[in-house]
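A.B. asks: With the sequence up front, the predicted model follows.
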Amino acid sequence: MTSEAKSKYPANYGQSRLKRVGDAVRQRLEANPEAYKVPVDGVELFAVGDFMSPAECAKMCELIDATARPSQVFDLDYSDGYRTSYSGDVDPYDPFVKKINRRIDDLMDIDSAFGENIQGQRYLPGQEFKPHHDWFHPNTSYWDSEIGRGGQRSYTTMVFLNEVEAGGTTDFVDLGISLAPKPGVLLAWNNTDANGLVNHKTLHAGRPVIAGAKYIITKWYRAESWV
């Protein structure tokens with residue numbers, strides 16, 4: 001018997017809730033003149049320019065430098081080379097972080113209780129995050145624990161914080177698109193399809209930085225209240 005068969009959470013757990021979140025956010029962003037729907041097939045991907053000011057981006061970079069540590073990928077070790085950036089949750093009680101957090105929640109129109117803490121990430125030359133999904137895979141060591149504390153991830157939001165001298169693109173590998181970091185630009189994508197099932201086409205990668213550094217923040221939302 002597989003670990004998935006033993007789990008009390010089936011692979012499609014929370015599908016109806018994920019569909020409701022997807023429907024609501026789609027309507028919200030499509031009605032927002034500041035949100036640009038990236039014309040790709042198979043993934044709901046939006047971009048919002050100037051979401052954070054240059055001063056806000058610089059301040060967030062400082063907070064990331066103060067908290068960054070070798071990144072983890074649930075059941076993989078940093079030494080595996082799958083995700084070689086440095087990252088860390090910025091202080092959710094810091095007034096500046098709370099302001100940015102609230103701005104993201106308002107953009108998405110998702111209850112703050114469903115959002116994880118903002119994570120800051122820093123990539124130096126040679127560092128990368130190989131192709132991965134943000135949603136949780138069944139039949140893994142972390143499946144039950146993560147689904148039991150907020151459910152599947154619904155939406156991902158990510159903000160680029162600085163210009164990168166070379167490299168460091170965010171690539172959606174199955175879509176054939178490569179997005180260069182632009183300071184202050186927010187990306188948001190639905191991790192599920194229109195039916196609320198996890199979307200394999202959201203496979204993406206943080207390509208290696210060639211020169212300079214790359215700073216971003218990421219906030220993930222769940223299908224249920226996150227704890």
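C.D. replies: Done, it's in. Just so it is clear, the structure is predicted and the values come from calculations on it, not from any experiment. Residues are numbered from 1 along each chain as shown.

A.B. asks: show me where this structure has strands.
C.D. replies: 35-37, 45-48, 69-70, 86-89, 119-123, 129-132, 153-160, 166-167, 170-172, 177-179, 186-190, 204-206, 209-211, 214-222 (DSSP state E).

A.B. asks: Give me the residue at the spatial middle of this protein.
C.D. replies: residue 156 (3.7 Å; CA atoms, centre = their mean).

A.B. asks: ok so, going back, want to throw the strands of the chain into a markdown table with distance to residue 8?
C.D. replies: Bear in mind the C-beta positions are built from the backbone N, C-alpha and C, glycine included. As requested, the strands of the chain are exported to a markdown table (distance: least, CB to CB, whole Å):
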| stretch | distance to residue 8 |
| --- | --- |
| strand 35-37 | 37 |
| strand 45-48 | 33 |
| strand 69-70 | 32 |
| strand 86-89 | 28 |
| strand 119-123 | 28 |
| strand 129-132 | 25 |
| strand 153-160 | 19 |
| strand 166-167 | 43 |
| strand 170-172 | 33 |
| strand 177-179 | 37 |
| strand 186-190 | 26 |
| strand 204-206 | 30 |
| strand 209-211 | 41 |
| strand 214-222 | 17 |
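
A.B. asks: what pLDDT does residue 7 get?
C.D. replies: Residue 7 carries a pLDDT score of 85 in this model.

A.B. asks: ditto for residue 77
C.D. replies: 50.

A.B. asks: same question, the one 4 residues further on
C.D. replies: According to the predicted model, the pLDDT of residue 81 comes to 57.

A.B. asks: Quick one: residues contacting residue 9.
C.D. replies: Applying CB atoms under 8 Å, 6 or more residues apart in numbering, we find residue 9 in contact with 138, 143-144, 147-148.

A.B. asks: Return the members of those residues classed as buried.
C.D. replies: 138, 143-144, 147 (16 or more other CB atoms under 10 Å).
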